[in-house]
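Colleague: Predicted coordinates and the sequence they were generated for:
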Amino acid sequence: MTAAIDVDSISVHYGDVLALDQATLRLDKGKICGLVGMNGSGKSTLFKAIMGLVKPDAGTVTISGGPPSKARKSGVVSYVPQSEDVDWQFPLSVHDVVMMGRYGHMGFTRRPRRADRLAVAEALERVELTNFAQRQIGQLSGGQRKRAFVARGIAQGATTLLLDEPFAGVDKRSEATICTLLKELAADGATILVSTHDLHALPDLADEAVLLMRRVLMHGAPSKVLQPENLALAFGLDVMNRNGSPL
């Protein structure tokens, strides 16, 4: 069976800095996978390599058997970036941001048709942002902003979703809404890779977990990957166990 995401021994340098070192990861359809690693471990670089925004120095990346560029063009893959990667002052409404997910379904004029408007309205309703549709995106709370980008992926009809720290700085309601949506999308066959520092919530959300430190150290069930002795491989020997005590 063709993997939804297939990362094969990729290495990425930024100048003299090695961001990814022969990282390998294969994800099947209909799964939620949590990506775990400390800051600087290469999580954002891995997302960008999967999206085709960063070209690996070595190795290959495929999405549903094809190159990332094809997946982006066809709308198969959607990316929710970290907040600092977005210009929140740009004069776009929430509706505009979600409508961007429909561009691949439009012609050269990018004039929304009835199907596009309906898809946007349904996506906004699913993330509980209908009443904020005309608000400038930067005026939303952190959680609402993340929900808007999830709505963009839903409107797009993406079957592979990459979320880079979607729970950072969000309120509990937004976190619960996003988690529920991700589970619904996975149940419908979508593949979801989500990076997070919330290790306590990860077992309830994800089917799998990946431990990253420039390369994939471990990939398996969250209950196994998140054992303190395994986390110590990526976070150092002072990592705290689930009872709050140091190893």
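Modeller: Perfect, I can see it now. Numbers count the residues shown, from 1 in each chain.

Colleague: Checking the spatially most central residue of the chain next. Helix, strand or coil?
Modeller: Central residue of the chain (Cα atoms, centre = their mean): residue 163, 1.6 Å from the mean position. Taken by DSSP: H, G, I helix; E, B strand; the rest coil, the conformation at residue 163 corresponds to strand.

Colleague: Can you tell me how far it is from residue 115?
Modeller: In this view, residue 163 and residue 115 are 26 Å apart by Cβ to Cβ, to the nearest Å. Every residue, glycine included, has its C-beta placed from N, CA and C.

Colleague: before we move on, what about residue 231?
Modeller: In terms of Cβ to Cβ, residue 231 sits 46 Å off from residue 115.

Colleague: Mind checking which of those two has more residues around it?
Modeller: A count of neighbours by other Cβ atoms under 10 Å puts residue 231 above the other of residue 231 and residue 115, at 23 against 11.

Colleague: ok so the more buried one is a strand residue?
Modeller: No: Residue 231 sits outside any strand when classified using three-state DSSP, being helix.

Colleague: Please look at it and residue 213 and confirm they touch.
Modeller: No: counting by Cβ atoms under 8 Å, residue 231 stays clear of residue 213, with 10.7 Å between them.

Colleague: In a helix, residue 6, correct?
Modeller: No: counting by three-state DSSP, residue 6 falls outside a helix, being strand.

Colleague: So in terms of bridging, what pairs with it?
Modeller: Residue 6 has these beta-bridge partners by DSSP bridges: residue 26, residue 62.

Colleague: Helix, strand or coil: sort out residue 122 for me.
Modeller: helix.

Colleague: Name the residues of stretch 99-112 that are buried.
Modeller: If you call a residue buried by 16 or more other Cβ atoms under 10 Å, then stretch 99-112 has these buried ones: 99-102, 105, 112.

Colleague: As TSV, these with secondary structure, pLDDT and distance to residue 81 would be great.
Modeller: Formatted as TSV, the buried residues of stretch 99-112 follow (DSSP: H, G, I helix; E, B strand; the rest coil; pLDDT from 0 to 100; distance: Cβ to Cβ, whole Å):
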residue	secondary structure	pLDDT	distance to residue 81
99	helix	92	18
100	helix	89	13
101	helix	88	14
102	helix	87	19
105	helix	75	22
112	coil	85	24
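
Colleague: just to revisit the earlier point, let me see the contact set for the residue nearest to the centre of the chain.
Modeller: Residue 163 makes contact with 80, 150, 182, 192-195, according to Cβ atoms under 8 Å, 6 or more residues apart in numbering.

Colleague: Output the below-cut-off pLDDT ranges for the chain.
Modeller: 83-85, 107-109, 237-247 (pLDDT under 70).

Colleague: Please, where are all the strands along it?
Modeller: Along the chain, the stretches classed as strands by DSSP state E are 5-14, 17-27, 32-36, 58-63, 77-80, 160-164, 191-195, 208-213, 215-220.

Colleague: Distance from the longest one to the middle of the chain?
Modeller: In other words, strand 17-27. Here strand 17-27 shows a centroid-to-chain-centroid distance of 16 Å under the convention Cα atoms, centre = their mean, to the nearest Å.

Colleague: One more: the shortest one?
Modeller: Distance of strand 77-80 from the chain centroid (Cα atoms, centre = their mean) equals 6 Å.

Colleague: could you say what helices and strands that strand packs with?
Modeller: The contact analysis (3 or more Cβ pairs under 8 Å, 6 or more residues apart in numbering; DSSP states H and E) places strand 77-80 against helix 43-51, helix 142-156, strand 160-164.

Colleague: again with the fourth one
Modeller: Packed against strand 58-63, as judged by 3+ Cβ pairs under 8 Å, 6+ apart, are the following elements: strand 5-14, strand 17-27, helix 43-51, helix 68-74.
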